[in-house]
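Asker: this one's structure only:
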């Protein structure tokens, strides 16, 4: 059983939403209603934009309340397309287990592939995990290994949640979505919007050409500084990755093992 790691306000996540619930019913549908498709189509009526803002705000509030007690997290990114026999699936499962043993909650996108592997790895060692899911037409269904999950309709809200509660980020091979998550996280670290948390790439054979481009093209052209590239670490050693995560969280940011903070019913906390 993994130890529990806590800051001032963590606790175990609530039970996963049962199949057939509101969250579970929307998987496999189109990306959204006409309102969502129109979201990025430029200015619209003032009333339309006002109510859209309320919907977005409500989604943020719901996310903050559901994730308030999950405890210090490590977010693991990666493709939804790898089956359990794939070497990257096995690597994701292993590194998640190593990190969960240190008391971190594993956070993923909650779907299949690497996300499932990471949630499964946490469960293997008695750790906790949570999925921040997104409504997509294909691929993205909640996997059976999350202890709790929350569904988002807006990508940008989901991305905020994946970053807000995490003390480190681990990325295994993936496609456009994973690349987006890697470079958005790197940008937030580079610009000081989040502290200098570890950003670890796993699957060296997959990521080596990307890092070579960063080092051989971006640094010489001065589009980034050498220290920006140095913030991205790469390994296929799960224990090494977990050590980097624990060392950063414990030694640099002061996390300590402690009892969970009690929830208050009168604040709607459960």
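Answerer: The structure has been received and is ready for your questions. Small disclaimer: the values here were computed from a predicted structure and weren't measured.

Asker: in the stretch 101-250 of the chain, where is pLDDT below threshold?
Answerer: Filtered on pLDDT under 70, the stretch 101-250 of the chain yields the residue ranges 136-140.

Asker: can you map out the helices along it?
Answerer: 114-124, 155-164, 176-190, 204-213, 226-230, 238-247 (DSSP state H, counting those that start in this stretch).

Asker: can I get these in JSON lines including mean neighbour count and distance to residue 142?
Answerer: All C-beta atoms are positioned from the backbone trio N, CA, C, and that covers glycine. What follows is those, written out as JSON lines (neighbours: other C-beta atoms under 10 Å; distance: least, C-beta to C-beta, whole Å):
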{"stretch": "helix 114-124", "mean neighbour count": "28", "distance to residue 142": "9"}
{"stretch": "helix 155-164", "mean neighbour count": "18", "distance to residue 142": "13"}
{"stretch": "helix 176-190", "mean neighbour count": "17", "distance to residue 142": "16"}
{"stretch": "helix 204-213", "mean neighbour count": "13", "distance to residue 142": "26"}
{"stretch": "helix 226-230", "mean neighbour count": "12", "distance to residue 142": "35"}
{"stretch": "helix 238-247", "mean neighbour count": "19", "distance to residue 142": "25"}
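
Asker: residue 67 is nearest to which of those?
Answerer: Among the helices of the stretch 101-250 of the chain, the nearest to residue 67 by C-beta to C-beta is helix 155-164 (6.0 Å).

Asker: residues in contact with that closest one?
Answerer: 56, 59-60, 63, 67, 75, 107, 109, 132-134, 150, 152, 169, 181, 184-185, 188, 194 (C-beta atoms under 8 Å, 6 or more residues apart in numbering).

Asker: touching, residue 93 and residue 121? I think so.
Answerer: Yes. At 3.9 Å, residue 93 and residue 121 qualify as touching, with contact defined as C-beta atoms under 8 Å.

Asker: tell me, what's touching these two both at once?
Answerer: Contacts common to residue 93 and residue 121, judged by C-beta under 8 Å, 6+ apart, are absent.

Asker: how far does stretch 117-131 sit from the chain's center?
Answerer: Relative to its chain's centre, stretch 117-131 lies at 13 Å (C-alpha atoms, centre = their mean, to the nearest Å).

Asker: same question for stretch 213-222.
Answerer: 28 Å.

Asker: which positions in that stretch come out as buried?
Answerer: For stretch 213-222, the neighbour count (16 or more other C-beta atoms under 10 Å) marks 214, 219 as buried.

Asker: quick check: end-to-end length of it?
Answerer: This stretch, stretch 213-222, spans 13 Å end to end (C-alpha to C-alpha, to the nearest Å).

Asker: same check, this time on stretch 161-173
Answerer: 21 Å.

Asker: with stretch 74-90 instead?
Answerer: 18 Å.

Asker: stretch 105-116 too?
Answerer: Per C-alpha to C-alpha, the first residue of stretch 105-116 is 14 Å away from its last.

Asker: contacting residues around residue 119?
Answerer: Residue 119 makes contact with 96, 106, 108, 110, 129, 131, 143, 145, 146, according to C-beta under 8 Å, 6+ apart.

Asker: ok, the third one touching residue 115?
Answerer: Yes. Taking C-beta under 8 Å as the definition, residue 108 is a contact partner of residue 115 at 4.0 Å.

Asker: tally of neighbours for residue 84?
Answerer: By other C-beta atoms under 10 Å, 12 other residues sit near residue 84.

Asker: residue contacts, it?
Answerer: Residue 84 neighbours (C-beta under 8 Å, 6+ apart): 90, 116, 117.

Asker: before we move on, which element is the first one in?
Answerer: Which is residue 90. Assigned by DSSP states H and E, residue 90 belongs to helix 87-100.

Asker: and the contacts of that helix?
Answerer: Under C-beta under 8 Å, 6+ apart, the answer for helix 87-100 is 2, 74, 76, 78-79, 82-84, 106, 113-114, 116-122, 124-129, 168, 170, 172-173, 202-203, 206, 236, 238-239, 241-242, 245-246.
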